[in-house]
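Novice: model this:
(2 chains)
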Amino acid sequence: MSTVSVTVDTERDRRIPFGLVRDTISLAHRGLMAYLRVPQLLVFSTIQPVIFVLMFRFVFGGAIDTGSVPYVDYLMPGIFVQTVTFGAIATAIGLATDVKSGLMERFHALPMARGAVLTGRTAADLTRNVFVVALMMVVGFIVGWRIHTNVLGLFAAGLLVLLFGYSMSWIFATVGLGVKDPETAQAAAFPVLAPLVFASSAFVPTDTMPSWLQAFADHQPVSATANAVRALTLGGPTAEYVIQALLWAAAILLVFVPISVRLYRRAV
Amino acid sequence: MSDAAIVVEGLEKRFDEVVALAGVDLRVAPGTVFGLLGPNGAGKTTAVRVLATVLQPDGGRAEVLGRDVVLEPDAVRRRIGLAGQYAAVDPNLTGRENLRMTGVLSQMPKERIAGRADELLDRFELAHAADRPLKTYSGGMRRRLDIAASLVAKPPVLFLDEPTTGLDLTSRNALWDMIRELVDEGTTVLLTTQYLEEADRLADRIAVVDVGKVIADDTPEALKAQLGTTVVEMGLVGDGRAARAHEILAGAIPGRVEQEGDLIRITSDQGAHVLVDVLRRLGDGLEPDTLTVREPSMDDVFLALTGRHAESVEEQDEAEMRSRAGQEGSA
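Specialist: Next up is the predicted model:
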């Protein structure tokens, strides 16, 4: 080998500092461009939670007994959690699309930071959630939702919802890389999500459910997060609920980040 | 250090019980084009994917520029470009955005990326469409962008998996010229193809792959000397006419004469001239009912090497299935 190629060699192996951050930003930008260039994606994923707000606020709400708490104030925290939970399907669809289109093959042959495809995708979906959650808060205020605590509580509630949405994204990263097909990912998601979202305290208090169902509904992440967001916006004892919600998010991330990264290495 | 740009020794890969690579050996000299020729399912794509560090081999070893694909995948990735069978570009980004993203992910210094992207857009005649989303691109434009993306980091080794599949003639010829230019600049290219013509035009050396094994590895000239340059196929229907023709022609004319039912196939290196000789010898009563004169195809290579036709095997390889689905979709 000539000296020229040897110099080229060392040049090629030089690492760029903060490679993971740089790769993540680049791939997150790519994910967000999809929402800007195909706005239907965002519109349709936002219409559904808006319909839920209107339906529960004006159709079912009157028949749901939430004691001294106005139903709209009970409902909105559940809506936020439901929105980011269903929104996480986008992570699965995005990754499955990349596998199917062959883009994942190119990513595997590039010298990028391990896991950047996943951190980039989930960061894009987290950023989208910032907008969607803010929008849902505005919708909430329009239909009469009121904060009984303060701005800090509202802010903390928003962060908690985003954290929960982020952890759900990693569950769906696993789903997307596992099924490798966007339509299958979409179809696989609903049967998993429906019981989590509807057999929860998101829309109705759990105490009217049969005891076996209540046992499930009281001990699952959607309820825990909805309860914590409620505590942060309604007032009353808060710490215990928030800690429970944080533990759920941490546990989900601890389990699904490593599984997703492993699946990514094999997903072509 | 080895003097070959790519070294493959005893490479094995299985998908469940299907054997995709059954001990492949290859050596590719730097600055040359190496063609892997074979039907769908022969294992060409799998070989490229292992070399590009996308798949892990089950046995054997492979090196790219002296770097082991299993032990030093990151070092290999810094030296290769890969254009798979499917245009692996983001449909929601513009051409320019796609190239710049690939530059970042190839760990290029920021200040070099924009210039390199512009250079490639010019070179691949995409400058006019640089800022349009890919939805507006034709199939040929996407394919060109895909190959441009594989070149962003100026890789010394380039893998092209069936680069001209699905391209029209003009795009194909333009792409062939581009590949030639890259090689003149010192790039080593390994490409897979199902077309003998493509391998012949581009490759300095051709390996014929059959069910995960290399069954021939030679220069195009040597392969063709074995094969002949012209294939004449004649149909002689009925009454053992084909058998009589075979009897008359075998040994009498320069070239190989084979009979398959009513079909006589003559492979010769005499060009179309052989046809005059053939028809004169057959004379009255043995006029062919159908007649084709053509260049040898991959199938003829297989017949010559294995005594049987090239069969497309169902491969467990998703890229192959994707490519087939894509072709059906665009047809």
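Novice: can you give me the helices for the chain?
Specialist: No chain in the question, so chain A it is. For chain A, helices defined by DSSP state H occupy the ranges A:3-13, A:19-37, A:39-54, A:71-87, A:89-101, A:103-108, A:116-142, A:151-179, A:182-198, A:211-217, A:221-234, A:239-266.
Novice: try again with chain B
Specialist: Counting by DSSP H, the helices of chain B are B:44-51, B:73-77, B:95-105, B:110-123, B:139-150, B:169-184, B:196-202, B:220-227, B:241-249, B:273-282, B:298-306, B:318-330.
Novice: So which of the ones you listed is nearest residue A:147?
Specialist: With CB to CB as the criterion, residue A:147 lies closest to helix B:95-105 of those, at 40.6 Å. Placement of C-beta: from N, CA and C, glycine included.
Novice: what angle do that closest one and helix B:139-150 make?
Specialist: Helix B:95-105 runs at 20 degrees relative to helix B:139-150, counting by axes from the mean of the first three to the mean of the last three CA atoms, to 10 degrees.
Novice: check whether helix B:95-105 contacts chain A.
Specialist: Yes: residues of helix B:95-105 are located near chain A by CB under 8 Å from any CB of the partner chain, namely B:97, B:101-102, B:104-105.
Novice: what sits against the nearest residue to residue A:54 once chain neighbours are set aside?
Specialist: Leaving aside its sequence neighbours, residue A:54 sits nearest to residue A:143 (CB to CB, 6 or more residues apart in numbering or on different chains; 7.4 Å). Contact analysis of residue A:143 by CB atoms under 8 Å, 6 or more residues apart in numbering or on different chains lists A:53-54, A:57-58, A:72.
Novice: ok so, going back, format the helices of chain A as JSON lines; extra columns: mean neighbour count and mean pLDDT.
Specialist: Listed next are the helices of chain A as JSON lines, based on neighbours: other CB atoms under 10 Å in any protein chain shown; pLDDT from 0 to 100:
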{"stretch": "helix A:3-13", "mean neighbour count": "12", "mean pLDDT": "56"}
{"stretch": "helix A:19-37", "mean neighbour count": "19", "mean pLDDT": "94"}
{"stretch": "helix A:39-54", "mean neighbour count": "14", "mean pLDDT": "88"}
{"stretch": "helix A:71-87", "mean neighbour count": "25", "mean pLDDT": "96"}
{"stretch": "helix A:89-101", "mean neighbour count": "24", "mean pLDDT": "93"}
{"stretch": "helix A:103-108", "mean neighbour count": "24", "mean pLDDT": "93"}
{"stretch": "helix A:116-142", "mean neighbour count": "20", "mean pLDDT": "96"}
{"stretch": "helix A:151-179", "mean neighbour count": "22", "mean pLDDT": "96"}
{"stretch": "helix A:182-198", "mean neighbour count": "16", "mean pLDDT": "91"}
{"stretch": "helix A:211-217", "mean neighbour count": "13", "mean pLDDT": "95"}
{"stretch": "helix A:221-234", "mean neighbour count": "26", "mean pLDDT": "97"}
{"stretch": "helix A:239-266", "mean neighbour count": "16", "mean pLDDT": "95"}
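Novice: Make a markdown table from those helices and add distance to residue B:284 to it.
Specialist: Output for those, formatted as a markdown table (distance: least, CB to CB, whole Å):
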| stretch | distance to residue B:284 |
| --- | --- |
| helix A:3-13 | 67 |
| helix A:19-37 | 71 |
| helix A:39-54 | 73 |
| helix A:71-87 | 81 |
| helix A:89-101 | 61 |
| helix A:103-108 | 60 |
| helix A:116-142 | 71 |
| helix A:151-179 | 67 |
| helix A:182-198 | 64 |
| helix A:211-217 | 91 |
| helix A:221-234 | 89 |
| helix A:239-266 | 67 |
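Novice: For residue B:279, which of those is the nearest?
Specialist: Of all the helices of chain A, helix A:103-108 comes closest under CB to CB, at 51.3 Å.
Novice: for the closest one, packing partners?
Specialist: Applying 3 or more CB pairs under 8 Å, 6 or more residues apart in numbering or on different chains; DSSP states H and E, we find helix A:103-108 packed against helix A:89-101.
Novice: Residues touching the helix it packs on, excluding its own?
Specialist: With contacts defined as CB under 8 Å, 6+ apart, helix A:89-101 is touched by A:31, A:34, A:41, A:45, A:104, A:107, A:117-118, A:121-122, A:124-125, A:128, A:169-170, A:172-173, A:175-177, A:179-182, A:184-186, A:188-189, A:193, A:267-268, B:86, B:88, B:91, B:322.
Novice: Find the nearest non-adjacent residue to residue 214, please.
Specialist: Answering for chain A, as no chain was given. With sequence-adjacent residues excluded and distances taken as CB to CB, 6+ apart, residue A:214 is closest to residue A:206, at 4.9 Å.
Novice: The chain in question should be chain B.
Specialist: Leaving aside its chain neighbours, residue B:214 sits nearest to residue B:207 (4.8 Å; criterion: CB to CB, 6+ apart).
Novice: burial measure for that neighbour, as a count.
Specialist: Using other CB atoms under 10 Å in any protein chain shown, the number of residues around residue B:207 comes to 26.
Novice: again with residue A:206
Specialist: Residue A:206 is flanked by 17 other residues according to other CB under 10 Å.
Novice: How about residue B:49?
Specialist: Residue B:49: 25 neighbours (other CB under 10 Å).
Novice: still on that earlier bit, residues touching the residue nearest to residue A:214, list them.
Specialist: Residues in contact with residue A:206 (CB under 8 Å, 6+ apart) are A:200, A:213-214, A:217-218, A:223.
Novice: And the residue nearest to residue A:120 when sequence neighbours are not counted, how far from residue A:95?
Specialist: Spatial nearest neighbour of residue A:120, chain neighbours left out: residue A:27 (2.5 Å); criterion: CB to CB, 6+ apart. Distance, residue A:27 to residue A:95, by CB to CB, to the nearest Å: 11 Å.
Novice: and what of residue B:245?
Specialist: 60 Å.
Novice: Which residues of chain A lie near chain B?
Specialist: Proximity of chain A to chain B (CB under 8 Å from any CB) is limited to residues A:1, A:5, A:8-9, A:12-13, A:15-16, A:19, A:22-23, A:26-27, A:29-30, A:33-34, A:37-38, A:100-103, A:105-112, A:116, A:180, A:268.
Novice: make it 6 Å
Specialist: Residues of chain A found near chain B (CB under 6 Å from any CB of the partner chain) are A:1, A:12, A:16, A:23, A:26, A:30, A:33-34, A:37, A:102-103, A:105-106, A:108-112, A:268.
Novice: related to what we said a few turns ago, any idea which of the residues of helix B:95-105 next to chain A has the most stuff around it?
Specialist: Neighbour counts for these (other CB under 10 Å) peak at residue B:102, which has 30 neighbours.
Novice: Fine, thanks again, bye for now.
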